[in-house]
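Trainee: Whatever this is, show me its structure:
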Amino acid sequence: QVQLVESGGGLVQAGGSLSVSCAASRMTFSRYVMGWFRQAPGKEREFVATITRSGGSTFYADSVTGRFAVSRENAKNTVYLQMNSLKPEDTAVYYCAASKSNTYATTTGQYNYWGQGTQVTVSS
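Mentor: Alright, predicted model coming up:
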């Protein structure tokens, strides 16, 4: 069974930075497009960022473009999300996901496996 385990969430002040990571196991990591989503209380899960299999291409939601950066290390079966200039509206549970898509994927339905999520809270 594929496993995705996020870590690195926490509490940070507005304007600060935080990095979350996702370690994958029981899968050939380099064959999967990886993505980050988030879900705030009372809201639907929304797309944040995605990265292609090689890491050569990335795509972001408008709300995080210029502030967040997604990267991956295939040798370590890990994908990262660096979050800078954080805002209170970035507060959410952040999930990583793996997709068998041929290119980067931006909708939840395109992803095959999900992590359990990690809480990110940005205080004002």
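Trainee: If I look at the most centrally placed residue in the chain, what pLDDT would I see?
Mentor: In the chain, the residue lying closest to the centroid (C-alpha atoms, centre = their mean) is residue 36, at 2.3 Å. If you check residue 36, the pLDDT there is 98.
Trainee: same deal with the one 3 residues further on?
Mentor: Among the per-residue scores, residue 39 shows a pLDDT of 98.
Trainee: Nearest spatial neighbour of it, chain-adjacent residues omitted?
Mentor: Nearest residue to residue 39, sequence neighbours excluded (C-beta to C-beta, 6 or more residues apart in numbering): residue 45, at 4.2 Å. For glycine as for every other residue, the C-beta is placed from the backbone atoms N, C-alpha and C.
Trainee: Can you point out the buried residues in stretch 95-114?
Mentor: 95-99, 101, 104-106, 108, 110-111, 113-114 (16 or more other C-beta atoms under 10 Å).
Trainee: just those residues now: which is nearest residue 63?
Mentor: residue 106 (12.8 Å; C-beta to C-beta).
Trainee: so what's that closest one up against?
Mentor: Counting by C-beta atoms under 8 Å, 6 or more residues apart in numbering, residue 106 touches 35, 47, 50, 59.
Trainee: Helix, strand, or coil at the last one?
Mentor: Taking DSSP: H, G, I helix; E, B strand; the rest coil as the rule, one finds residue 59 in the strand state.
Trainee: is it in a bridge, and if so with what?
Mentor: On DSSP bridges, the residues paired with residue 59 through beta bridges are residue 50.
Trainee: State the number of residues packed around it.
Mentor: 16 (other C-beta atoms under 10 Å).
Trainee: likewise the first one?
Mentor: The number of residues packed near residue 35 is 29, by other C-beta under 10 Å.
Trainee: So for stretch 10-25, what gets flagged as buried?
Mentor: Buried residues in stretch 10-25 (16+ other C-beta under 10 Å): 12, 18, 20-24.
Trainee: hmm, back to that, these two touch, right, the residue nearest to residue 39 and residue 61?
Mentor: No. The pair residue 45 / residue 61 is not scored as a contact, 11.9 Å apart, by C-beta atoms under 8 Å.
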